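>>> When you get a sec, could you give me coordinates for this:
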Amino acid sequence: LAAALGAALILAAPLRAQPAPAAADVPASAAAVAYPAPAIPPRERAPGDASEFRRLVLPNGIKVLLLSDPRLNKSSAALAVAVGSLADPPQRQGMAHFLEHMVFLGTQKYPDVSDFDTYLSRNGGLNNAYTARDRTNYHLEIRHEAFEGALDRFAQFFIAPLFTPEFAEREMNAVDSEHQKNLENDLWREFALRGLALREGHPARLFGTGSRETLAGTTPEELRAWYEAHYSANRMTLALAGRASLDQLERWAREYFGAIPDRLLPPLRVDPEILPAQPALRELRMEPVTDLRHLTLSFPLPDLRAHALAKPAELVSFVLGNEGPGSLLAALKAEGLATGLMASAEAESPDYGWFDIRIDLTPAGLEKSARVLELAFAAIDRLRRDGLPPHLFAERRTMAQLDERWRDPGEGMDRVANLANALLDHPIDWAERAPYLWLQPDPQAVAQVLDRLRPERLLLTRVAKGVATDRVAPYYGTRYGYGEDAGPAY
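As a prediction, the model looks like this:
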C-alpha cells in the first residue's frame, strides 16, 4: 500500500552531528549509511549514450549529483531535504507539508510572490514538490537557455525565504484542499488507518497531510522556527540535469546552492519498533468508499539499506508476488479464494519500512479469510524452509543489467527527483545506480526479512463492504473496527 501511495508522507528524533568538512575533505562515500566499500562494476552504455555524471559535496554539506546529456529536451533540478511528516509537532500535524507550500512565496532576493512561477511559465517550465514521511522533495524543469535563472530563484527558497504572512491563509487552504480530495480515496484511507494501530506515541501515527483543523493558528514565527530547526544544507541533496557541460553545472551548483546555511543539524531518527511483536492477531476492518474486497498483510521491516546491493526484500516480494504455477496466488485461485495478489517492500524512513501482501478476494475468500491467511503463511514457511530458487538472484541481476543499459531513464522533474532521493538513501559514488546493482546474494539478509513475516508481527487489514465496524477514524471519517484475537497458529 505504501508503494502504491508513492509520495505520501514521513520523519523525527535526533542524534549528534559533527561540523561538515570542506568538500575536498569529504569522501564520495560519505553520503548516507556507512557501507563497506564494494567493488562496483562499470556502467555498460547503450550505443549513442553520451550521458556523463559527476558527484561532489559542497562546502556546506550538500551532496550533489550532476548529469550532462546532449539528448535531454529540458534541463531540470531537484533538491531533497531529509525531513518530512515524521518530524511534525503533535500539535501541528501537517507542518512539514505546510512549509513545503510556504517556501515558494517570495525570497529576500526575489520578494515578488509570483516571480518564480512567472519565470517558469515564460520559459516552458514546470515545478512541483511533495512531502513524504522522511523527506521533502522540490523539483523543476525548464528550457535549457533559462536554466541558470531558474536555479538562482530556486536556491533562494532555501537561503532566505520570506514566508510572507498574508499568503499563509491561502496556502493553508491549499493544504486542506489536498486533504479534501483524498477523503474518498480508499488507498489514502487505508494508509491513514494503518497508523492508528501502531505503537502509541510513535510519530508514524500522526496525520502527515495536515488540514485547516490541524494547522489553525500556526504563526509565521512558528513556521520559521520549525524551518530553522529542520532545514539545513547538511540534510540536503541536489540533482541537476541538462545539456550544459558538467563543468558548467558544477559552477551553477556552487554559485547558487553554496550559500544555503549549514546549521550542522543531526540526522532525524525515529524508534524502529513501530509494531511490537505480540501473540494476538491484530486486525483492522475498513468500510471502503468503492466496492473493494481485499486483505492487506503488513509486516514492519528494519532498515535494510546496508543490504541495498543484495536486495533481500525485493527477492522475497518477487517470489511471494509471483503468479505462476506453484505460487501463492495459484493456490488461492485453485480454491476460488482470490483474483489477484501483490507483494511489495517499501522503506518509510531510514529506521523502518513495511512488507505488504495485498490479496484481492472473491466473495468466498472474504468469508474464508482464515484459510487465505493459512495459505499465505504456508507459502512464507515454505520459502523460509526451502530458501529462494537458486537461479533467482542471477536472473534478477541480468534483468537489472539490461534495464540499466537499454531502458529509457526518462528526464525532467521525475528523473532528478529520483536522483536527489537516491543521494539521501545511498552512498554518493553509486547512488543513481542502486536499483540496478545486484552484487552478491545474501542468504542471511533474506532470512532476516523472512523472520519478520510472522503472525506475531502481522497487522491485517480487511477491506470490504459490510465488515463489522464500530469506530470512525479521525480526519478521514473512515468507518472501521479493530480487534486482537489469539486465532489459529498459522
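
>>> Only C-alpha atoms from now on, for both contacts and neighbour counts.
OK.

>>> list the helices and strands the helix or strand in which Leu120 is found packs on?
Leu120 belongs to helix 115-122 when assigned by DSSP states H and E. In terms of contacts (3 or more CA pairs under 8 Å, 6 or more residues apart in numbering; DSSP states H and E), helix 115-122 is packed against helix 147-156.

>>> Check what contacts the helix or strand just after the helix it packs on and list those residues.
Once helix 147-156 ends, the next helix or strand along the chain (criterion: DSSP H and E) is helix 168-182. Residues outside helix 168-182 that contact it (CA atoms under 8 Å, 6 or more residues apart in numbering) are 97-98, 101-102, 188-189, 209-212, 215.

>>> next one: stretch 308-325
So stretch 308-325 is contacted by 327-330, 341-345, 355, 357, 379-380, 388, 392-393, 434, 437-443, 445-446, 449-450 (CA under 8 Å, 6+ apart).

>>> who does the helix or strand hosting His294 pair up with?
Here His294, judged by DSSP H and E, is contained in strand 293-302. Sheet pairing here is set by DSSP bridges, and for strand 293-302 it gives strand 352-361 (antiparallel), strand 459-464 (antiparallel).

>>> possible to save those strands as TSV with mean pLDDT?
TSV is the format used below for the strands paired with strand 293-302 (pLDDT from 0 to 100):
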stretch	mean pLDDT
strand 352-361	98
strand 459-464	98
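
>>> So which of those is nearest Tyr110?
Across the strands paired with strand 293-302, Tyr110 has its closest neighbour in strand 352-361 (39.5 Å, CA to CA).

>>> Pull the distance from the helix or strand following the closest one to the chain's centre.
Sequence-wise, the next helix or strand downstream of strand 352-361 (DSSP H and E) is helix 363-367. From the chain centre to the centre of helix 363-367 is a distance of 33 Å (CA atoms, centre = their mean, to the nearest Å).

>>> Report all helices and strands that helix 363-367 contacts.
strand 293-302.

>>> Which SSE is immediately downstream of the strand it packs on?
helix 312-320.

>>> what mean pLDDT would you report for that next one?
Mean pLDDT, computed over helix 312-320, is 98.

>>> Return the distance of it from the chain's centre.
19 Å.

>>> the inter-axis angle of that helix versus strand 352-361?
When axes from the mean of the first three to the mean of the last three CA atoms, to 10 degrees is applied, the directions of helix 312-320 and strand 352-361 differ by 10 degrees.

>>> Using CSV, list the CA coordinates for helix 312-320.
C-alpha atoms of helix 312-320 as CSV (Å, rounded to 0.1, in the frame of the first residue of the first chain):
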residue,chain,number,x,y,z
PRO,A,312,16.7,-9.3,0.1
ALA,A,313,13.2,-7.8,0.4
GLU,A,314,12.8,-7.4,-3.3
LEU,A,315,13.7,-11.0,-3.8
VAL,A,316,11.2,-12.2,-1.2
SER,A,317,8.4,-9.9,-2.6
PHE,A,318,9.2,-11.2,-6.1
VAL,A,319,8.7,-14.8,-5.0
LEU,A,320,5.6,-14.2,-2.9
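
>>> Tell me the first helix or strand C-terminal of that helix.
helix 328-334.

>>> Can you list the strands that the helix or strand just after that next one pairs with?
Where DSSP H and E defines the elements, the next helix or strand beyond helix 328-334 is strand 338-347. The strands beside strand 338-347 in its sheet (DSSP bridges) come out as strand 352-361 (antiparallel).

>>> And the contacts of the partner strand?
Contacts for strand 352-361 (CA under 8 Å, 6+ apart): 1-2, 272-274, 293-303, 313, 317, 321, 337-348.

>>> Which pLDDT value belongs to the residue nearest to Pro70 when sequence neighbours are not counted?
Spatial nearest neighbour of Pro70, excluding adjacent residues (CA to CA, 6 or more residues apart in numbering): Arg243 at 4.8 Å. According to the prediction, Arg243 has pLDDT 98.

>>> these two touch, right, Ala445 and Ala306?
No. Between Ala445 and Ala306 there is no contact under CA atoms under 8 Å: 9.7 Å.

>>> which residues do those two both contact?
By CA under 8 Å, 6+ apart, no residue touches both Ala445 and Ala306.

>>> hang on, the earlier thing: just the buried ones out of the contacts of stretch 308-325, please.
By neighbour count, with 16 or more other CA atoms under 10 Å, these hold 328-330, 341-345, 355, 357, 379-380, 388, 393, 434, 437-439, 441, 445-446, 449-450 as buried.

>>> can you tell me the helix or strand for Glu484?
strand 479-485.

>>> ends of stretch 323-335, how far apart?
End-to-end span of stretch 323-335 (CA to CA, to the nearest Å): 15 Å.

>>> Could you give me the buried positions within stretch 91-103?
For stretch 91-103, by 16+ other CA under 10 Å, it's 92-103.

>>> Run through the bridge partners of the spatially closest residue to Arg358 that is not a sequence neighbour.
Counting by CA to CA, 6+ apart, Arg358 lies nearest to Thr296, which is 4.3 Å off, once chain neighbours are set aside. On the basis of DSSP bridges, Thr296 is bridged to Arg358, Thr461.

>>> Quickly note the distance from Thr296 to Asp49.
Distance from Thr296 to Asp49, by CA to CA: 42 Å.

>>> same thing with Leu437?
Distance from Leu437 to Asp49, by CA to CA: 19 Å.

>>> Check Ala132 too.
For Ala132 relative to Asp49 (CA to CA), the value is 33 Å.
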